[in-house]
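1. Pasted the sequence and its predicted model underneath.
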Amino acid sequence: RPTGAADPTALPRLLQGAPLRSPADHLRVWGPLPQPRRAQLLAEVEAAGLTGRGGAGFPLAAKLAAASHGPAGTVVVNATEGEPVSAKDATLLAASPHLVLDGAAAAAHATGAAAVVVCLKRSHADLARQVEEVVGLRRRAGLDRVRIQVTTAPDRYVAGQETALVRWLNGGEARPTTVPPRPTSRGVGRRPTLVSNAETLAHLALITRFGAAWFRSLGRPDAPGTTLATVSGDLRAPGVYEVPLGVPLGDLIAAAGGDPAANGGVLVGGYFGA
């Protein structure tokens with residue numbers, strides 16, 4: 001078990017022990033990824049109540065179940081992070097890439113997928129090369145039973161929307177398409193495809209290890225778990241913070257050394273924030 005895992009209230013979770021770039025360091029902190037039965041894993045994720053951390057907040061269990069029907073497909077790790085100034089997924093991939101890749105492997109196991117594609121934006125080419133190196137280290141260490149590829153997509157805002165990303169991986173333009181069909185039924189290579197945010201999959205890696213009750217021990221009953229938040233601006237300590245869902249925004253800003261009242265306000269959520 002990782003340091004602090006016996007204490008369900010311990011933070012951080014996703015960034016614990018970071019940086020963890022070598023397989024040996026990752027295994028020292030987290031141990032090997034379990035291989036539960038697919039039905040058992042799907043039930044555990046549903047009980048955990050994990051929702052997507054990419055913005056839409058869709059239940060991951062429902063997406064996993066939808067993508068588990070039909071021929072072996074693909075898991076797409078969406079780390080394109082199109083919201084302005086957001087840095088959480090890049091931070092997570094730089095600090096604990098194996099946790100994200102473990103989550104992708106667990107998603108592939110749950111859905112029966114034959115391949116994983118990690119997508120970053122082109123401006124993060126250096127990070128993409130680092131992740132490729134990590135994939136090579138995992139391959140040599142025998143950590144993965146599924147093929148993993150790393151690629152980059154255009155930096156445009158909508159390029160990270162799941163249908164746009166699937167269209168791009170199929171050789172088209174990185175723009176959204178109409179649904180249905182959804183990627184979970186016809187995605188990359190016209191096969192079932194799970195597109196999930198990098199942070200979401202890292203949470204899946206921990207749920208696979210420690211279960212739904214452990215995950216739900218932080219956050220709120222209707223919004224369990226933790227989340228990574230990028231906090232920037234007129235602050236003493238801007239950066240990426242891991243906090244339980246439901247924490248008051250003022251508390252998060254205060255932790256980063258800011259005062260919303262004194263500063264005149266806060267902009268939340270990039271293009272669609274207020």
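-> Arrived safely.

2. What does the pLDDT read for the residue nearest to Gly17 when sequence neighbours are not counted?
-> Excluding its sequence neighbours, the residue lying closest to Gly17 (C-beta to C-beta, 6 or more residues apart in numbering) is Val29, at 4.0 Å. Just so you know, the C-beta spots here come from the backbone N, C-alpha and C atoms, and that holds for glycine as well. Listed pLDDT for Val29 reads 92.

3. swap in Thr3?
-> Per the predicted model, pLDDT is 47 at Thr3.

4. how about the strands in the stretch 51-200 of the chain?
-> 74-79, 115-121, 147-153, 193-197 (DSSP state E, counting those that start in this stretch).

5. quick one: the last one to strand 115-121, angle?
-> Looking back up the chat, that one is strand 193-197. 40 degrees (axes from the mean of the first three to the mean of the last three C-alpha atoms, to 10 degrees).

6. which helices and strands sit right next to strand 193-197?
-> helix 60-67, strand 74-79, helix 97-111, helix 162-169 (3 or more C-beta pairs under 8 Å, 6 or more residues apart in numbering; DSSP states H and E).

7. Also the third one?
-> Using 3+ C-beta pairs under 8 Å, 6+ apart as the contact criterion, the elements in contact with strand 147-153 are strand 115-121, helix 125-141, helix 162-169.

8. Give me the three-state assignment for the residue nearest to Gly17.
-> Secondary structure assignment for Val29 (DSSP: H, G, I helix; E, B strand; the rest coil): helix.

9. Would you agree it is in contact with Gln16?
-> Yes - between Val29 and Gln16 there is a contact at 6.6 Å, judged by C-beta atoms under 8 Å.

10. For Thr226, see how far away the residue nearest to Ala223 when sequence neighbours are not counted is.
-> In space, Ala223 comes closest to Leu245 once its chain neighbours are excluded; the distance is 4.2 Å by C-beta to C-beta, 6+ apart. From Leu245 across to Thr226, the span is 7 Å (C-beta to C-beta, to the nearest Å).

11. Also Leu201?
-> Taking C-beta to C-beta, one finds Leu201 at 14 Å from Thr226.

12. more neighbours, the two?
-> A side-by-side neighbour count of Leu201 and Thr226, using other C-beta atoms under 10 Å, places Leu201 first with 31 against 23.

13. hmm, back to that, could you pull out the residues contacting both of Leu245 and Thr226?
-> Leu218, Gly219 (C-beta atoms under 8 Å, 6 or more residues apart in numbering).

14. Flag the shaky bits of the chain, pLDDT-wise.
-> The model of the chain has pLDDT under 70 over residues 1-9, 263.

15. May I see the helices and strands packed on strand 147-153 organised as CSV, with mean neighbour count added?
-> Formatted as CSV, the helices and strands packed on strand 147-153 follow (neighbours: other C-beta atoms under 10 Å):
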stretch, mean neighbour count
strand 115-121, 23
helix 125-141, 16
helix 162-169, 23
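
16. Select, out of those, the one closest to Ala95.
-> With C-beta to C-beta as the measure, helix 125-141 is the member of the helices and strands packed on strand 147-153 nearest Ala95 (10.8 Å).

17. who does the closest one touch, helix- and strand-wise?
-> Using 3+ C-beta pairs under 8 Å, 6+ apart, helix 125-141 is in contact with helix 23-30, helix 88-95, helix 97-111, strand 115-121, strand 147-153.

18. rerun that using 6 Å as the cut-off
-> Helix 125-141 makes packing contacts with helix 23-30, strand 147-153 when contacts are defined by 3 or more C-beta pairs under 6 Å, 6 or more residues apart in numbering; DSSP states H and E.

19. Let me see the residues that make contact with it.
-> If you take C-beta atoms under 6 Å, 6 or more residues apart in numbering as the criterion, helix 125-141 is touched by Pro23, Ala90, Leu93, Pro97, Val118, Leu120, Asp144, Ile148, Val150, Thr152.

20. what about 7 Å?
-> The contact list for helix 125-141 (C-beta atoms under 7 Å, 6 or more residues apart in numbering) reads 21-23, 90, 93-94, 97-98, 101, 118, 120, 144, 148, 150, 152.

21. ok, the residue nearest to Ala223 - contacts?
-> Leu245 sits in contact with Gly219, Arg220, Ala223, Pro224, Gly225, Thr226, Thr227, where contact means C-beta under 7 Å, 6+ apart.
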